[in-house]
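1. What would the 3D arrangement of this be:
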Amino acid sequence: MNKLIELIENAKNIAITGHVSPDGDCIGSTLGLYNYIIENYKDKQVRVCLEKPSMKFAFMNGFELISEDPFVEADLLVTLDASDRERLGIRGGMLDSAKESICIDHHVTNTNFAKFNIVEEFRSSTCELLYTLLSEDKISVATAMCIYTGIVHDSGVFKYQSTTKETMEIAGKLMAKGFDFTKIIDDTYFKKDFNATKLLGLALTNVKQEFDGKCCYGFLDYNTWSKYVSDKKKMDGIIDNLRNIEGVEIALFMYETAKNEYKVSLRSINKNVSSIASALGGGGHIRAAGATVYGNIDELLKDTILPMIEKELNG
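-> A predicted model of the protein is given here:
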């Protein structure tokens, strides 16, 4: 028996949470674990506490029950896909009120912030790691759909270098549970609404190259992107389009979230962008990372971020 299952069996009230601005892996792992517990441990009271995710994930069982309330006292707090306490946002305080806590994660920058930690940075996703901690014969279709979605999103539909033979084998076992896996990929990974597609085109029109084309970067101010989309999560795919430009080794995309506040996304082909994100106060994976930075955009790019990228390219 692994530590996660041991803690679940010994708890009555369980809270599950993940990082701010939850992505597919975060949502898939939190709701995947939620479904697994309520189906196999009928005596447990379980709540998922997250920022409200994108509606494209509303097909997951339990989505409508997600609570944004961070003030939940629990026997056990399970955090998934969060590398440090700060990534939990206002829900970080739940670590102090919970009797026990465990972190399940795959980020190389994880700080082991919970009482117990299961961190395997070689995994394609937290969902892949979660699958290895559960009993295969107790995973329902509802749970499988959640976990499969998370693997798809954090592996770039099995394209990123973190994808392994085991990743594919686990995906196959989940598919065998019986659900429309093609629809999950199309609806949650590739499809964009009309305005988000127009915004993507605008962003691509204004990108720039540096360092002999090895770096491609773009920026959107708040007034520009908010005219097209109300949900900033709809900009998630922009960075991947920059990385796919021929010759690009590191892609950078930034957008304004408040005055002098910017969300930074970094992607690479074979360079370590997690070190750049960590230096900026963020974190993530070797090939995909991010941070939030503050200051003047031109100065941030010229004096801080682009020099960091240049150093990594030449390293």
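2. and Gly213, what does it touch?
-> 247-248 (C-beta atoms under 8 Å, 6 or more residues apart in numbering). Just so you know, the C-beta spots here come from the backbone N, C-alpha and C atoms, and that holds for glycine as well.
3. quick one: it and Leu242, what's the gap?
-> 12 Å (C-beta to C-beta, to the nearest Å).
4. Looks like Leu199 contacts Asp231 (just checking).
-> No - using C-beta atoms under 8 Å, Leu199 is not in contact with Asp231; the gap is 11.2 Å.
5. overlap in contacts of Gly213 and Leu242?
-> Contact criterion C-beta under 8 Å, 6+ apart; residues shared by Gly213 and Leu242: Val248.
6. which one of Leu199 and Asp231 has more residues nearby?
-> Leu199 (22 against 15; other C-beta atoms under 10 Å).
7. Could you measure from Gln45 over to Leu133?
-> 21 Å.
8. meant to ask about Lys271
-> Taking C-beta to C-beta, one finds Lys271 at 31 Å from Leu133.
9. The two: which has the busier surroundings?
-> The residue with more neighbours, out of Lys271 and Leu133, is Lys271; 20 against 15, by other C-beta under 10 Å.
10. That one against Ile250, yeah?
-> Yes - at 5.4 Å, Lys271 counts as touching Ile250 under the criterion of C-beta under 8 Å.
11. list residues touching both of those two?
-> Residues within reach of Lys271 and of Ile250 at once, by C-beta under 8 Å, 6+ apart, are 312-313.
12. Please enumerate the helices of the protein.
-> Using DSSP state H, the helices assigned to the chain run over residues 3-10, 24-40, 94-97, 126-133, 141-154, 165-175, 181-185, 194-205, 222-225, 238-243, 274-279, 297-299, 306-314.
13. Take those and lay them out in a markdown table including mean pLDDT.
-> Below are those laid out as a markdown table (pLDDT from 0 to 100):
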| stretch | mean pLDDT |
| --- | --- |
| helix 3-10 | 98 |
| helix 24-40 | 98 |
| helix 94-97 | 94 |
| helix 126-133 | 98 |
| helix 141-154 | 98 |
| helix 165-175 | 98 |
| helix 181-185 | 97 |
| helix 194-205 | 95 |
| helix 222-225 | 96 |
| helix 238-243 | 94 |
| helix 274-279 | 94 |
| helix 297-299 | 96 |
| helix 306-314 | 96 |
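14. Contact partners for the closest residue to Glu121 other than its chain neighbours?
-> Take Glu121 and drop its neighbours on the chain: the residue closest to it by C-beta to C-beta, 6 or more residues apart in numbering is Val108, 4.3 Å away. Listed by C-beta under 8 Å, 6+ apart, the contact set of Val108 reads 121, 274, 284-286.
15. Ok, Ile66 next?
-> Counting by C-beta under 8 Å, 6+ apart, Ile66 touches 31, 48-50, 52-53.
16. do that again at 7 Å, thanks
-> Going by C-beta atoms under 7 Å, 6 or more residues apart in numbering, Ile66 touches 48, 50, 52.
17. What of Lys263?
-> Going by C-beta under 7 Å, 6+ apart, Lys263 touches 254-255, 257, 290, 292.
18. Which strand residues bridge it?
-> Tyr255, Thr292 (DSSP bridges).
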